[in-house]
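Trainee: Sequence first, then the predicted structure:
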Amino acid sequence: MFIVKGKRNVRVQEVAVSVESMNRSDCFILDCGKGKSILVFMPPGARKMEKFKAIQVANEIRDEDHAGDSEVEVVDEYSDNMDKFFAELGSGSWDEVPEVSEDDEQSDLQHKQETKLYVLRDGSFEEVSGQPLKQEMLDNTDVFLLTGGRSQVYLWIGQAASKEEKVTAMSAGEAFLRGGSFPKNVQLVRVLEGLETAVFKQFFSVWNELDEDSQYPESRVAQWKIDDLHTENRRRVERAGGTAPGFLPDDGTGEKTIWRVEDMELQPVDNQDFLFGGDSYVILYKYDSGSILYYWQGSKSTTDERAASALHTVRIDNEELDGQAVQIRVVQGQEPRHFLRMFGGQLVIFSGGKASGFNNVNDRDEYDEDGVRLYRIRCLSKDSRDSRAEQVEEKSTSLSSDDVFLLESKDNCWIWRGKESSEQEFNVAEKFFSTLCPGREFTELSEGSEEDGFWEILGGQEDYGPPEYRPVFPPRLFHVQKMISGRTRLIELFDFKKDDLVEDDVMILDTGREVFVWVGEKSDSNEKEAAMKMAEEYLDTDPSFRN
């Protein structure tokens, strides 16, 4: 029998098969043996995360320890198998189960202190690490000892460990127990590499199964994963698609209203396709399923303007939309796919700010005196709606081999094609040209075949950057926890699944490309507000390219 217990980091630990080991605030898993049921006891006082974990581990026990030849049964106040549970237990009844157990937070702390990994060196065990434990810490050429409770200690034997270590492992483990503060009845469980039980695996933050049936070495299999076939597309998405390529709630044809921050207040914007990098904006988008509030922050906008855009977004959500809108911060150059589709693939981002604003594309003398303008054209996909043009500094170092650029001077216009750019981006550049340079003609240039006049307009030929590559980060899940002191902190959950989302809590999910604040249906409004601030701080302090 196993107890499933914990407030933040739920753990599983073997206990004596007796009603005396039970309580009404934790979950228990009773493994009735080969070919028999696995009973999961879920009292009303158990936490939701404990119930989720109990089902997860019970399923793993069924699949791994019973080879699928068993049935998982839930035992709670609504089921009719309570008598069966205590019959299999061999004693007791519901009335004999104690009301509460030890405090979960104190238990979490104790468990963290008890969970440690040791490696066998010269006949004795040396500490390797405490929590969090990672699977890669287990070297198959060694023998390891894992402590994680008072009832069992695990002895993990690597397949490539020496014969001497395998022979002396058990005696070294017993000596370790005698030298520690373990109870006399603690069990030393031998675990062979590749035959780890579900209970053993749950001590590690992530556990990946190896495919033992593969006829190829791991070094060859890795390069033929289906996911790797999309490397080229992923590179294009990462450089051109912004930080949330997966966020696409509709086709972008809903109703949008744009305001610009002027003197810390919001002023409506007439031209719906132009933004300025020296300003910050709030955009309300309404569609059939609800509302989205984007606050777009130009790379040259002031700190005060950026803060004002965020405050106005919260105000509009609370005062006009009953707090039901999705709030999304967008930084210039990292526009999500849905954001681009709101503009129908016609978004133009100019340099300059409010003072250089204009209503007609031909009114330019206020923000560009010499008549030279350079635009970078980027397209996320074969759909032209996933496109944007962004004005950049008119010099050769602004060029990049994986993009298309539009260069305009008083006398000539060029569309320059980088050698790593796509045909789709060139087609999109032609459309932007008709908007940005109406009534004019352009010369097409491919990288490496430029004419002298092109370089003269850019101030001379200089080296420019190679194609832009960005790393892909693993997903992370954080629980927003309100402390007794009133402070808020993030608790990271490892090896998480959808079941870890609890309706009375607020969570922050970092997918690697985008950050979501998930608000549980029964969560506290103060937690939501604190979570939004912490999510912004989380991104602001990220040392990578993400922002």
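Mentor: Here it is on my side, so go on. Residues are numbered from 1 along each chain as shown.
Trainee: Go ahead and confirm Glu408 touches Ala389.
Mentor: No: between Glu408 and Ala389 there is no contact under Cβ atoms under 8 Å: 11.5 Å. C-betas here are computed from N, CA, C, even on glycine.
Trainee: Pull up the overlap in contacts between the two.
Mentor: Residues touching both Glu408 and Ala389 (Cβ atoms under 8 Å, 6 or more residues apart in numbering): 375, 436.
Trainee: Could you check which of those two is surrounded by more residues?
Mentor: Set Glu408 next to Ala389 and count neighbours by other Cβ atoms under 10 Å: Ala389 wins out with 25 against 22.
Trainee: For Leu374, see how far away that one is.
Mentor: 10 Å (Cβ to Cβ, to the nearest Å).
Trainee: Now for those two: what residues contact both?
Mentor: With Cβ under 8 Å, 6+ apart as the test, Ala389 and Leu374 both reach Leu406.
Trainee: Who does the closest residue in space to Arg476 that isn't next to it in sequence form a beta bridge with?
Mentor: Leaving aside its sequence neighbours, Arg476 sits nearest to Asp510 (Cβ to Cβ, 6 or more residues apart in numbering; 4.5 Å). Counting by DSSP bridges, Asp510 is bridged to Arg476, Val515.
Trainee: so who does Asp510 touch?
Mentor: 473, 475-478, 538.
Trainee: May I see these arranged in a markdown table, with distance to Pro268 and pLDDT as well?
Mentor: What follows is those, written out as a markdown table (distance: Cβ to Cβ, whole Å; pLDDT from 0 to 100):
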| residue | distance to Pro268 | pLDDT |
| --- | --- | --- |
| Phe473 | 38 | 66 |
| Pro475 | 39 | 83 |
| Arg476 | 39 | 85 |
| Leu477 | 39 | 87 |
| Phe478 | 37 | 85 |
| Tyr538 | 32 | 82 |
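Trainee: From the residues you listed, list the buried ones, please.
Mentor: The neighbour count (16 or more other Cβ atoms under 10 Å) marks 476-478, 538 as buried among the contacts of Asp510.
Trainee: Tell me the one among these nearest to Gln267.
Mentor: Comparing those against Gln267 with Cβ to Cβ places Tyr538 closest, at 30.8 Å.
Trainee: neighbours around Ser301, how many?
Mentor: Quick note: Ser301 (other Cβ under 10 Å) scores 23 neighbours.
Trainee: Could you tell me the per-residue confidence at Gln106?
Mentor: As predicted, Gln106 sits at a pLDDT of 55.
Trainee: and what of Leu195?
Mentor: On the pLDDT scale, Leu195 is placed at 80.
Trainee: Residue ranges in the stretch 401-547 of the chain under the pLDDT threshold?
Mentor: Residues of the stretch 401-547 of the chain that meet the criterion pLDDT under 70 lie in 465-473, 482-487, 494-495, 543-547.
Trainee: Please report how far the closest residue to Lys51 other than its chain neighbours lies from Ser398.
Mentor: Using Cβ to Cβ, 6+ apart and skipping the chain neighbours, the partner closest in space to Lys51 is Met42 (5.3 Å). Distance of Met42 to Ser398, given as Cβ to Cβ: 61 Å.
Trainee: ditto for Trp518
Mentor: Taken as Cβ to Cβ, the span from Trp518 to Ser398 is 39 Å.
Trainee: For the nearest residue to Asp251 once chain neighbours are set aside, give me its contacts.
Mentor: Closest residue to Asp251 apart from its sequence neighbours, by Cβ to Cβ, 6+ apart: Arg341 at 6.4 Å. Neighbouring residues of Arg341 by Cβ under 8 Å, 6+ apart: 248, 251-253, 385-386.
Trainee: my read is Arg341 is in a helix, agree?
Mentor: Yes: judged by DSSP: H, G, I helix; E, B strand; the rest coil, Arg341 forms part of a helix.
Trainee: Mind pulling up the pLDDT for it?
Mentor: pLDDT at Arg341 comes out at 91.
Trainee: By mean pLDDT, point me to the weakest helix or strand of the chain.
Mentor: Across the helices and strands of the chain, mean confidence by mean pLDDT, DSSP states H and E is lowest for helix 218-222: a mean of 32.
Trainee: By neighbours, which of the contacts of Arg341 wins?
Mentor: Sorting the contacts of Arg341 by how many neighbours each has (other Cβ under 10 Å) puts Asp386 first, at 27 neighbours.
Trainee: and the gap between that one and Asp251?
Mentor: Note on Asp386: its distance to Asp251, by Cβ to Cβ, is 11 Å.
Trainee: Equivalent analysis for Asp542, please.
Mentor: Distance, Asp542 to Asp251, using Cβ to Cβ: 31 Å.
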